[in-house]
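Peer 1: Structure of the sequence below:
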Amino acid sequence: MKKIILLIFLVGLLFNSDLSGQAKNDIGLTVKALALDYISQNGGDFTAYNQYHTGLEIGLLKKINPNINVAVPIKIASIQSVDQIEGLHNGLLSIDGIVQYQFNRPDAKVYPYVMGGVGYVYERLGLSNIQIPVGIGFNFKIHDRAFVTWESQYRLALEEGRNNLNHGLGFTYFLGPKDPPKMDKEEEEKEMEKEKNTLDSDMDGIIDELDLCPQEKGTEELDGCPDKDGDGIADYKDLCPDQAGAKEMKGCPDSDGDGVSDNIDECPNMVGSELNRGCPDNDADDDGIPNDLDKCPTQAGPATNGGCPETDSDGDGVPDSIDKCPNLSGTKNTIGCPDRDNDGIPDNNDNCPDIKGSPLNNGCPDVNDLDSDNDGIPNSIDRCPTQPGLALYNGCPDTDGDGIDDSNDGCPEKAGPASNSGCPIGTKPTQQTSTTTPNNNTTISEPVVTTPINNEVDTDGDGIIDSQDKCPTQPGLAVYGGCPDTDGDGIDDSRDRCPNAAGPVDTGGCPEIRASDRRVLDIAMRSLQFESAKAEIKSESFIYLTQLAEIMFRYPDFNLSIEGHTDNQGDAVENQILSEKRARACYNFLASSGVARERMSYVGYGESKPIATNQTLSGRILNRRVEFALVPKE
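Peer 2: Numbers count the residues shown, from 1 in each chain. Predicted coordinates:
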């Protein structure tokens with residue numbers, strides 16, 4: 001009995017705490033009349049309704065949510081069990097803890113529910129036991145806060161002979177303030193609009209309708225949005241919401257004042273450029289080598305010489321470091337040594353420095369290759385070795401251009417048909433045509449039209465027989481061994497890497513790349529930017545690739561080599577893959593800009609070809625690059 005009184009006291013304290021502060025109708029009182037059957041569940045007759053006994057239940061009910069209620073009912077009843085003498089009744093007092101699950105539907109009149117819990121039962125004869133009730137019930141709505149309740153339980157006792165059925169019919173009433181009068185739809189809409197116009201969810205003094213951040217406290221100046229770092233930029237616009245910064249930096253600081261915000265500045269304490277990710281360009285002489293790696297930071301020079309200009313004492317364009325004759329002006333073909341006869345053999349190795357010759361003859365001409373009249377036809381096959389002539393006529397001239405060489409022309413200065421020995425019709429030859437060949441000294445006394453020596457074939461008809469013609473299927477000049485020089489740059493097509501575009505010898509006959517275009521290639525290598533750890537080209541780099549495409553259009557005889565490189569940070573295999581993907585991204589961009597794919601190639605070298613140390617940030621920046629090189633077509 002003492003246990004029941006203690007439980008009742010604790011439950012009263014619990015519900016009292018809710019009652020004292022509750023403002024909604026979520027606490028209810030229940031009263032039921034009970035019918036209890038302790039006979040049928042313990043071996044008795046289920047239909048012996050006259051053995052049902054009555055009782056009273058008073059309880060408290062609390063709504064947890066629209067579907068779940070918690071109840072604490074207290075029961076007082078008189079019962080008769082199967083082990084009691086007929087007519088002898090036993091009184092009981094019990095308290096339960098119940099959880100109800102209610103099938104709640106808006107605007108419903110009947111609310112069914114299922115329930116379960118645990119209870120403590122004390123009998124007047126001094127007996128007590130624990131029971132586990134389960135059951136169903138119905139709440140019939142008669143008012144917004146009042147219900148008629150019917151409930152049936154089966155109670156499993158943990159004591160033998162005490163299982164029972166428990167049925168109740170009663171009344172449930174929910175406490176709380178009086179419900180406001182119902183409004184019609186128009187009034188309800190007006191009330192909602194009024195509430196909307198005054199609602200301030202974050203309690204910052206700015207109503208939600210005007211608050212750009214209604215769930216976060218903010219200031220009126222920022223339309224209700226917070227500014228954690230106090231820089232006057234709302235957090236939702238601030239790229240650095242925890243660090244004060246300038247508006248032009250989108251709320252981020254710029255410690256070195258170089259115009260690159262610290263969040264993207266790889267050198268936040270050193271003034272640099274946006275193109276170099278906030279790091280110093282660090283290249284005073286603009287030779288592509290950072291000052292900290294450049295031995296001559298104010299003088300442009302190649303990386304192979306530490307960034308210093310190479311000395312050229314004789315001014316012939318060949319650096320002293322490779323000039324075989326550093327104090328004598330020479331040519332690149334002879335590695336800086338003079339070559340007066342331009343035969344490609346330096347004078348110091350040329351036994352005939354003023355006469356073109358061959359390396360096999362130490363720079364001197366072979367006897368059979370002498371060309372006394374300098375018409376490009378050696379004396380050995382020249383029918384007129386002392387008179388400059390044409391290969392078509394085996395070295396003899398045709399002064400009057402009538403198609404009959406002077407050695408066979410009766411009127412060498414007047415054009416005429418071969419039928420009249422080269423003289424005009426009606427005119428007799430003024431002299432007997434004759435010549436002596438150096439081979440056999442034979443005198444020819446009749447006017448004839450010359451034919452190739454020994455009747456050998458001249459397929460291209462350029463006057464040079466096939467056995468002596470380097471290009472027997474292409475009409476050419478004797479000076480080039482029968483090959484043509486399409487672009488007229490002095491290099492015959494057989495040796496010219498760009499036969500359709502004139503260029504100097506040192507570029508293989510290809511046009512020289514303008515300095516401004518080389519500068520574009522260099523800038524693209526150092527300035528091209530990708531998304532971090534990706535092969536996606538940043539939009540600000542498109543301009544460099546567009547300029548590259550324009551260069552490709554200007555040099556149709558060149559192909560483009562694209563090489564991707566990385567620094568040594570991270571996994572080597574991943575760096576190799578990334579370098580190739582970045583090179584391919586440039587390849588695809590240029591192809592989409594109209595550059596023919598067959599004119600380009602790409603490859604990735606990963607971290608294998610650094611151009612600077614990977615121990616410093618500036619060095620790693622230089623090593624993360626894509627190189628572009630124009631290569632003459634083969």
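
Peer 1: so where do the helices sit in this protein?
Peer 2: Secondary structure of the chain (DSSP state H): helices at 2-21, 185-198, 515-527, 542-554, 572-592, 617-623.

Peer 1: least reliable of those helices going by mean pLDDT?
Peer 2: Lowest mean pLDDT within those: helix 2-21, a mean of 50.

Peer 1: which residues does residue 141 form a beta bridge with?
Peer 2: Per DSSP bridges, the residues bridged to residue 141 are residue 147.

Peer 1: Make sure it is actually in contact with residue 147.
Peer 2: Yes - in this structure residue 141 lies within contact range of residue 147 using C-beta atoms under 8 Å: 5.6 Å. The way it works is simple: take the backbone N, C-alpha and C, and place the C-beta from them, glycine included.

Peer 1: between those two, which one's more packed in?
Peer 2: residue 147 (20 against 15; other C-beta atoms under 10 Å).

Peer 1: pLDDT score for that one?
Peer 2: 95.

Peer 1: who's in contact with it?
Peer 2: Contact analysis of residue 147 by C-beta atoms under 8 Å, 6 or more residues apart in numbering lists 111, 139-141, 171-173.

Peer 1: any residues in contact with both of residue 141 and residue 147?
Peer 2: Joint contacts of residue 141 and residue 147 (C-beta under 8 Å, 6+ apart) are residue 111.

Peer 1: who's in contact with residue 114?
Peer 2: Residue 114 sits in contact with 100-101, 134-137, where contact means C-beta under 8 Å, 6+ apart.

Peer 1: Residue 204 is in contact with residue 218, correct?
Peer 2: Yes - between residue 218 and residue 204 there is a contact under C-beta under 8 Å: 5.6 Å.

Peer 1: Looking at the two, which is more packed in?
Peer 2: Using other C-beta under 10 Å as the criterion, residue 218 and residue 204 rank with residue 218 on top: 22 against 18.

Peer 1: which ones are touching the more buried one?
Peer 2: Residue 218 touches 202, 204, 206, 211-212, 224-227, 234, counting by C-beta under 8 Å, 6+ apart.

Peer 1: and residue 596, how many neighbours?
Peer 2: Number of residues near residue 596 (other C-beta under 10 Å) recorded here: 11.

Peer 1: Over to residue 563?
Peer 2: For residue 563, the count of nearby residues is 21 (other C-beta under 10 Å).

Peer 1: For burial, what's the neighbour tally of the nearest residue to it once chain neighbours are set aside?
Peer 2: Leaving out its chain neighbours, the residue that sits closest to residue 563 by C-beta to C-beta, 6 or more residues apart in numbering is residue 627, at 4.5 Å. Residues lying near residue 627 (other C-beta under 10 Å) number 19.

Peer 1: residue closest to the middle of the chain?
Peer 2: residue 536 (2.2 Å; C-alpha atoms, centre = their mean).

Peer 1: For residue 624, see how far away it is.
Peer 2: Note on residue 536: its distance to residue 624, by C-beta to C-beta, to the nearest Å, is 15 Å.

Peer 1: go on, residue 477?
Peer 2: 51 Å.

Peer 1: ok, the nearest residue to residue 55 once chain neighbours are set aside - contacts?
Peer 2: Leaving aside its chain neighbours, residue 55 sits nearest to residue 77 (2.5 Å; criterion: C-beta to C-beta, 6+ apart). Contacts of residue 77 were listed using C-beta under 8 Å, 6+ apart, and they are 34, 36, 53-56, 91-92, 94.

Peer 1: And residue 391, by the same measure?
Peer 2: Counting by C-beta under 8 Å, 6+ apart, residue 391 touches 376-377, 462-464, 478, 482.

Peer 1: Check it and give its pLDDT.
Peer 2: Listed pLDDT for residue 391 reads 74.
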